[in-house]
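Colleague: have a look at this prediction, sequence included:
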Amino acid sequence: MGRQLGMAVLVVAASGLLAAPGAASAQAEPVRVTDPVSEGALAAPSCTSNICTWTGYNYTGRKLTSGLNPGVCYHSLTVKSVVNRHRVPVRYYSDSRCRSTGRFTFKSRKTLSNIPILTGFIPHSYKRA
């Protein structure tokens, strides 16, 4: 587990310091919902989008796909597993609007089957770091 924690950087900020310039005017972008992934998957399934997330651990549950556009908060979801194919880091938030004071940033091109175990919370939104 120590090695997995080394892949991520925990960022804790004081309230009010999380909003990036222009965050109030940032557009929300929907995510696409696809067929549920079969239960019990252990290896990361294929992902053809910039980022694919699953509602369950080990890439199970409902699969969601999205881009990673600058300034866009992808919100109102539950993330327990992720495949990030993009070359930029992604910041995950415990709230549904990319504004929580506790947040967790993973480096680019990461595949993680257990985000809540690493972060200590279930992410409900994310955006480019």
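Modeller: That came in fine, so what should we check first? Residues are numbered from 1 along each chain as shown.

Colleague: report the beta-bridge partners for the residue nearest to Thr48 when sequence neighbours are not counted.
Modeller: Using Cβ to Cβ, 6 or more residues apart in numbering and skipping the chain neighbours, the partner closest in space to Thr48 is Thr65 (7.7 Å). Using the backbone N, CA and C atoms, a C-beta is placed for each residue, glycine as well. Beta-bridge partners for Thr65, by DSSP bridges, are Arg32, Cys52.

Colleague: residue ranges with poor pLDDT in the protein?
Modeller: 1-42 (pLDDT under 70).

Colleague: show me where it has strands.
Modeller: Ranges of strands within the chain are 8-12, 32-33, 51-54, 63-66, 74-75, 81-84, 90-93, 102-106, 111-112, 125-128, based on DSSP state E.

Colleague: mind putting those strands in CSV, distance to Leu118 and mean neighbour count included?
Modeller: Below are the strands of the chain laid out as CSV (distance: least, Cβ to Cβ, whole Å; neighbours: other Cβ atoms under 10 Å):
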stretch, distance to Leu118, mean neighbour count
strand 8-12, 6, 13
strand 32-33, 24, 11
strand 51-54, 14, 26
strand 63-66, 19, 20
strand 74-75, 19, 22
strand 81-84, 11, 24
strand 90-93, 10, 24
strand 102-106, 7, 20
strand 111-112, 7, 19
strand 125-128, 14, 23
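
Colleague: save those strands as CSV, and put in distance to Ala44 too.
Modeller: Output for those, formatted as CSV (distance: least, Cβ to Cβ, whole Å):
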stretch, distance to Ala44
strand 8-12, 17
strand 32-33, 18
strand 51-54, 9
strand 63-66, 11
strand 74-75, 19
strand 81-84, 5
strand 90-93, 15
strand 102-106, 14
strand 111-112, 4
strand 125-128, 17
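
Colleague: which one, of these, ends up nearest to Ala43?
Modeller: strand 111-112 (9.1 Å; Cβ to Cβ).

Colleague: partner strands of that closest one, with direction?
Modeller: Sheet pairing of strand 111-112 (DSSP bridges) gives strand 81-84 (antiparallel).

Colleague: alpha carbons only: can I get the strand it pairs with in CSV?
Modeller: Extracted in CSV, the C-alpha atoms of strand 81-84 (Å, rounded to 0.1, in the frame of the first residue of the first chain):
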residue,chain,number,x,y,z
SER,A,81,-12.0,2.8,-9.9
VAL,A,82,-10.4,4.8,-12.7
VAL,A,83,-8.3,4.5,-15.9
ASN,A,84,-6.7,7.9,-16.8
